[in-house]
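Colleague: how would this look folded up:
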Amino acid sequence: MPVYVVDLTHFLDPQGELAPGPPGRFGAFFADIVAVASARQAGTADATPLHCRRRPGHVPCPGRLWALRREHGLIEWRCPACDDQGTISGWEGTRWDMRALLPESWGPVADVPLDDADYRAALDALRGEGQAEAVLRAAAPREDGAVVVRADAPALEGIALRLTAALAREGGAPGRSRVRRCLLACERAARQLRGEGVAVPVTAARQSGSRRAGPVDGHAARPAVRQRAGAPSGRPEEAPAMVRRPPRSAALRPTWAEIDLDRIRDNVEILRARLHPGARLMAVVKADAYGHGAAPVALAALEAGASHLGVAVLEEGTALRRAGVAAPLAVLGWTPRERAAEVVAAGLEQTVFDLEDASALAAAGRAAGRRARLHAKVDTGMGRLGWPCRLPEDVERAADALATVAHLRGAELAGVFTHLADADGATLETTRAQLAAFSRLLAALEERGVRPALRHCANTAALLRLPEAHLDLCRAGIGIYGYPPSEHVPPAGLRPALSWYTRVAQVRELRAGDAVSYGGTYVAQGRERVAALPVGYADGMSRALSNCGAVWIGGRRAPIRGRVCMDQVVVSLDDCGPVAQGDVAVLLGEGHGADAMARVTGTIAYEVLCAISARVPRVYAGR
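Modeller: Next up, the predicted model:
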């Protein structure tokens with residue numbers, strides 16, 4: 001049975017009485033809360049009063065907090081008088097906050113009518129899924145037998161995300177088609193709330209037996225030859241295919257990125273196939289999944305077999321929790337100790353590298369009645385975060401500190417890890433020295449009776465090059481998105497998941513002597529056709545591409561002329577054939593990926609992908 005935590009003080013009027021809920025907003029769910037609370041207030045309900053532990057003999061005010069003994073399963077309580085909380089029995093389950101259903105916390109809402117059988121199938125699929133289940137349970141029946149779910153765009157997207165995960169989890173379970181219909185109805189309503197055709201971070205369910213599907217807005221995808229995972233990708237300099245019609249609604253901004261979630265899944269499967277027996281895969285989805293969109297990428301990676309997720313900061317972890325992602329999720333960077341309670345409340349696993357932070361997290365765990373899960377980081381050669389472990393005397397001190405962490409009341413040492421500095425380098429001497437230092441630390445921990453469940457050090461490069469580094473868990477980042485970490489690492493069949501497009505805003509002809517863009521750094525030597533594109537460095541197109549980068553139009557290279565501006569760039573069309581306003585230019589695509597752009601600007605593919613800004617809409621293709 002799910003467990004719901006509801007603070008009824010948010011439903012009190014100024015006199016402290018329960019305020020009636022607006023018709024249709026909470027449906028039968030709110031009515032049950034009011035009915036049971038009112039019965040307790042009148043002394044007619046058959047339930048044991050809840051007593052506060054901090055003030056013996058104190059009973060929370062009548063009409064405020066009561067145990068629901070119906071299917072809603074409210075068995076946890078909070079005392080508004082002294083902020084105490086407790087549990088009526090040993091039940092465990094999903095938590096959610098009734099405040100999220102309050103009208104003032106919502107944006108514009110949509111009424112989504114569902115067939116009663118579809119609604120019940122979706123409700124069964126979301127049993128125990130917290131907020132998504134709660135929103136469905138608040139639906140109101142209609143006279144014609146349909147059920148109407150009322151919610152705003154984020155809530156509808158959350159339902160769709162969890163239903164997508166449920167479909168992947170349950171395989172060929174009965175009612176699958178009914179669940180899919182409910183998923184698609186929520187997706188459509190969310191897109192309408194955000195503006196017709198706007199891409200939302202949910203994946204499109206398949207409508208046939210085909211594994212591959214088009215983008216979520218229903219337009220045809222760009223022409224491209226799909227190959228099996230691991231197959232050769234063709235000529236290295238193969239030009240991107242021409243897109244005559246953009247794979248998105250014309251109502252959207254004419255610069256967008258398309259993420260193929262099937263390629264994310266393929267890449268995860270390729271990496272998992274390379275794992276040492278017994279090792280698991282953490283999908284690193286920090287920096288909004290390297291610019292690909294954290295929530296949809298996280299769910300796709302989990303569906304393909306990743307067991308854990310990794311982020312860099314607390315906010316990235318809590319955002320995934322709000323999106324309904326429930327998998328083990330580690331914060332790999334530093335979180336200030338004053339935010340320890342937030343880490344514990346979100347069920348995140350936190351990196352620690354000193355006893356003070358570990359103790360603060362343990363205290364937060366004790367206060368919450370659960371154990372904080374910690375990953376201790378040691379520095380074997382990266383020179384950044386971690387207990388120093390390069391020298392033998394460092395190893396002994398670090399092992400003593402980690403043994404102390406392992407015995408903190410209110411905490412659990414879930415993992416010990418290090419970060420490899422040069423696993424993608426030309427030689428592996430430095431990496432093997434780091435592995436040796438890490439092995440010495442693990443041996444010292446064994447001597448002290450400490451063996452964490454997860455020992456991990458391998459990134460994508462080490463996963464592909466050093467099986468001895470796999471241990472219990474590998475942290476894969478750039479490989480999930482389709483790129484090898486460097487030219488020294490074999491590509492292993494990985495294929496880029498992100499493509500980046502814009503549309504031609506204007507075509508014009510320059511005359512000899514005409515200067516282009518700020519500073520006039522390019523001057524036409526003769527007549528030259530050029531196009532202005534609505535994309536610039538505010539979108540992630542580096543200013544370092546000025547006068548040396550290129551895009552692809554009509555399958556041909558179009559060099560950048562002049563400086564890249566904040567919002568626009570000019571390219572030459574002399575080698576491109578006929579081009580008109582609205583034609584699509586490929587910034588990143590097949591044969592011209594982030595690694596190629598990085599070589600021009602003197603950086604790495606990671607930075608190119610992460611630099612694509614939030615104002616560039618993401619459109620999701622695949623299942």
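
Colleague: quick one, strands of the stretch 301-450 of the chain?
Modeller: Here the stretch 301-450 of the chain has its strands, by DSSP state E, counting those that start in this stretch, at 308-311, 329-331, 349-352, 372-379, 387-388, 411-417.

Colleague: by contact count, what packs against the first one?
Modeller: Right, strand 308-311. Using 3 or more CB pairs under 8 Å, 6 or more residues apart in numbering; DSSP states H and E as the contact test, the elements touching strand 308-311 are strand 280-284, helix 294-303, helix 314-322, strand 329-331. In short, each C-beta sits where N, CA and C put it, glycine included.

Colleague: ok, the second one next?
Modeller: If you count contacts as 3+ CB pairs under 8 Å, 6+ apart, strand 329-331 packs onto strand 308-311, helix 314-322, strand 349-352.

Colleague: rewinding a little: tabulate the helices and strands packed on strand 308-311 in a markdown table, adding columns for mean pLDDT, distance to Glu342 and mean neighbour count.
Modeller: Converted to a markdown table, the helices and strands packed on strand 308-311 look like this (pLDDT from 0 to 100; distance: least, CB to CB, whole Å; neighbours: other CB atoms under 10 Å):
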| stretch | mean pLDDT | distance to Glu342 | mean neighbour count |
| --- | --- | --- | --- |
| strand 280-284 | 96 | 21 | 25 |
| helix 294-303 | 92 | 18 | 26 |
| helix 314-322 | 93 | 6 | 19 |
| strand 329-331 | 96 | 10 | 24 |
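
Colleague: out of these, nearest to Gly482?
Modeller: Smallest distance to Gly482 across these (CB to CB): 11.6 Å, for helix 294-303.

Colleague: got the CA positions of that closest one in CSV?
Modeller: Extracted C-alpha coordinates of helix 294-303, given in CSV (Å, rounded to 0.1, in the frame of the first residue of the first chain):
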residue,chain,number,x,y,z
ALA,A,294,18.5,15.1,-18.0
ALA,A,295,15.1,13.5,-17.4
PRO,A,296,14.4,11.9,-20.8
VAL,A,297,18.1,10.7,-21.1
ALA,A,298,18.0,9.3,-17.5
LEU,A,299,14.9,7.3,-18.2
ALA,A,300,16.3,6.1,-21.6
ALA,A,301,19.5,5.0,-19.9
LEU,A,302,17.7,3.2,-17.1
GLU,A,303,15.5,1.4,-19.7
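
Colleague: ok and it relative to helix 314-322, angle-wise?
Modeller: Orientation of helix 294-303 against helix 314-322 (axes from the mean of the first three to the mean of the last three CA atoms, to 10 degrees) gives an angle of 70 degrees.

Colleague: wait, what's in contact with Tyr290?
Modeller: 477-478, 481, 606, 609-610 (CB atoms under 8 Å, 6 or more residues apart in numbering).

Colleague: out of those, which is most surrounded?
Modeller: Highest neighbour count within the contacts of Tyr290, by other CB atoms under 10 Å: Leu609, with 30 neighbours.

Colleague: phi first, then psi, for that one.
Modeller: Backbone torsions of Leu609, given as degrees, to the nearest 10, read phi -70, psi -50.

Colleague: and it, what does it touch?
Modeller: 290-292, 481, 498, 594.

Colleague: among the contacts of Tyr290, which ones are in strands?
Modeller: Per DSSP state E, strands hold no members of the contacts of Tyr290.

Colleague: and the helices and strands packed on strand 308-311: which comes nearest His470?
Modeller: Closest of those to His470 is strand 280-284, at 9.3 Å (criterion: CB to CB).

Colleague: give me the sheet partners of that closest one and which way each runs.
Modeller: If you go by DSSP bridges, strand 280-284 pairs up with strand 308-311 (parallel), strand 473-476 (parallel).

Colleague: same question for the first one, mean pLDDT?
Modeller: By that I understand strand 308-311. Averaging pLDDT along strand 308-311 yields 96.

Colleague: which residues touch it?
Modeller: With contact meaning CB under 8 Å, 6+ apart, strand 308-311 is reached by 280-286, 294, 298, 301-302, 317, 320, 325, 327-332, 473, 475, 477.

Colleague: can we see that at 6 Å?
Modeller: Residues outside strand 308-311 that contact it (CB atoms under 6 Å, 6 or more residues apart in numbering): 282-286, 298, 317, 327-332, 475.

Colleague: go through the residues you listed and name the one nearest Cys548.
Modeller: Ranked by distance to Cys548 (CB to CB), these are led by Lys286 at 29.9 Å.

Colleague: for burial, what's the neighbour tally of Glu338?
Modeller: Counted with other CB under 10 Å, Glu338 comes out at 8.

Colleague: ditto for Asp583
Modeller: By the other CB under 10 Å criterion, the neighbourhood of Asp583 contains 20 residues.

Colleague: what's it sitting at in phi/psi?
Modeller: Phi and psi for Asp583, reported as degrees, to the nearest 10, are phi -60, psi 150.

Colleague: ditto for Tyr522
Modeller: With angles defined as degrees, to the nearest 10, Tyr522 sits at phi -120, psi 130.

Colleague: tell me the spacing between the closest residue to Arg451 other than its chain neighbours and Glu393.
Modeller: Nearest residue to Arg451 in three dimensions, chain neighbours excluded: Leu445, at 6.6 Å (CB to CB, 6 or more residues apart in numbering). From Leu445 across to Glu393, the span is 16 Å (CB to CB, to the nearest Å).

Colleague: picking that back up, tell me which of the strands of the stretch 301-450 of the chain lies nearest to Cys457.
Modeller: Nearest of those (CB to CB): strand 411-417, 5.9 Å.

Colleague: quick one: contacts of that closest one?
Modeller: 349, 361-362, 365, 371-377, 405-406, 452-457.

Colleague: buried subset of those, written for PyMOL?
Modeller: Buried residues within the contacts of strand 411-417, by 16 or more other CB atoms under 10 Å, are selected in PyMOL with:
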select buried, resi 349+361+362+365+371+372+373+374+375+376+377+405+406+452+454+455+456+457
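
Colleague: now His419: how far from Gly305?
Modeller: On the measure of CB to CB, His419 and Gly305 end up 24 Å apart.

Colleague: could you check which of these two has the larger neighbour count?
Modeller: Higher neighbour count among His419 and Gly305: His419, with 21 against 16, using other CB under 10 Å.

Colleague: next up, phi/psi of the closest residue in space to the more buried one that isn't next to it in sequence, please.
Modeller: Closest residue to His419 apart from its sequence neighbours, by CB to CB, 6+ apart: Met382 at 4.6 Å. With angles defined as degrees, to the nearest 10, Met382 shows backbone torsions of phi -80, psi -30.

Colleague: how about low-confidence regions in the chain?
Modeller: 1-107, 128-131, 134, 138, 168-175, 194-251, 623 (pLDDT under 70).

Colleague: swap in 80 and give it another go.
Modeller: In the predicted model of the chain, residues 1-109, 126-145, 152-155, 157-158, 161-162, 164-177, 191-252, 622-623 satisfy pLDDT under 80.

Colleague: so the residue of it positioned farthest from its centre, which state does it fall into?
Modeller: Most distant residue from the mean C-alpha position of the chain: Ala512, 50.1 Å away (CA atoms, centre = their mean). Three-state assignment for Ala512 (DSSP: H, G, I helix; E, B strand; the rest coil): coil.

Colleague: relative to Leu184, how far out is it?
Modeller: Look at Ala512 and Leu184: by CB to CB, they are 56 Å apart.

Colleague: do Arg322 as well
Modeller: In this view, Arg322 and Leu184 are 22 Å apart by CB to CB.

Colleague: swap in Val507?
Modeller: 39 Å.

Colleague: ok, Leu588 next?
Modeller: For Leu588, the distance to Leu184 (CB to CB) stands at 29 Å.

Colleague: compare the two (neighbour count), which wins?
Modeller: Per other CB under 10 Å, whichever of Leu588 and Leu184 has more neighbours is Leu588, with 26 against 16.

Colleague: quickly list what that one is bridged to.
Modeller: Applying DSSP bridges to Leu588 yields these beta-bridge partners: Trp500.

Colleague: residues contacting it?
Modeller: Residues near Leu588 by CB under 6 Å, 6+ apart: 499-500, 594.

Colleague: again, only using 7 Å
Modeller: Each residue near Leu588 by CB atoms under 7 Å, 6 or more residues apart in numbering is listed here: 498-500, 594, 597.
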